[in-house]
Structures are given as C-alpha cells and as structure tokens.
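Colleague: This is a predicted model, with the sequence first.
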Amino acid sequence: MGFLDTLKAKLGPAKEKVGELAHQHGGKIDQGLDKAARTVDEKTKGKYSEKIESGTRKAKDAVERLAHKNEGGTPPAS
C-alpha cells in the first residue's frame, strides 16, 4: 500500500464526519460565513466586496455539497 493509499484510508472517516457536521450545522456555518464576510468587507472599506461575495458564495456551495454528499444525494442546482 502506497503513501497516498494510506493517507486516503486515514482521511476517509474524517471526511464523513465533516459531511455530517455540514449537514447538521449548515445554517450556522452559513451565518458565520456571512458574518465573517461583512467584517472583512467593513475592514477593507468595500474595496474587495466582489471578491468577498464570490468567495463567500463558493464556501457556501462547498458546505452544501459536503452536506448533500453525506446524504448520498446530489445538491440542487444553483
């Protein structure tokens, strides 16, 4: 068994746990991402608003994919 195979085997349970947590706490995670985005946007005085919005959207999509992967389904199209 190679190094990557060993690494994948050890990370498998952690990936499942992350999916479970994303499913259970998706709303709180989204709220936290929104709060962090607002704070960063205020600190940068709106200079990077578009990039912050884009990054926040991508992070929320990733959380949603993790949550739905754990269910065995596919996430709805955005």
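Modeller: On my side now, so go ahead. Numbering: from 1, shown residues only.
Colleague: Provide the secondary structure category for the residue nearest in space to the middle of the chain.
Modeller: For the chain, the residue nearest the mean C-alpha position is Val63 (3.2 Å; Cα atoms, centre = their mean). Each residue gets one of three states, and Val63 gets helix by DSSP: H, G, I helix; E, B strand; the rest coil.
Colleague: just the helices in the protein please.
Modeller: Counting by DSSP state H, the chain has helices at residues 3-43, 49-71.
Colleague: Run a quick neighbour tally on the spatially closest residue to Gly26 that is not a sequence neighbour.
Modeller: Excluding the flanking residues, the one nearest Gly26 by Cβ to Cβ, 6 or more residues apart in numbering is Ala67, at 5.2 Å. Where you see a C-beta, it was placed from the backbone N, CA and C, and this is true even at glycine. When counting by other Cβ atoms under 10 Å, one arrives at 21 neighbours for Ala67.
Colleague: who's in contact with Ala67?
Modeller: For Ala67, the contact set (Cβ atoms under 8 Å, 6 or more residues apart in numbering) comprises 19, 22-23, 26, 75.
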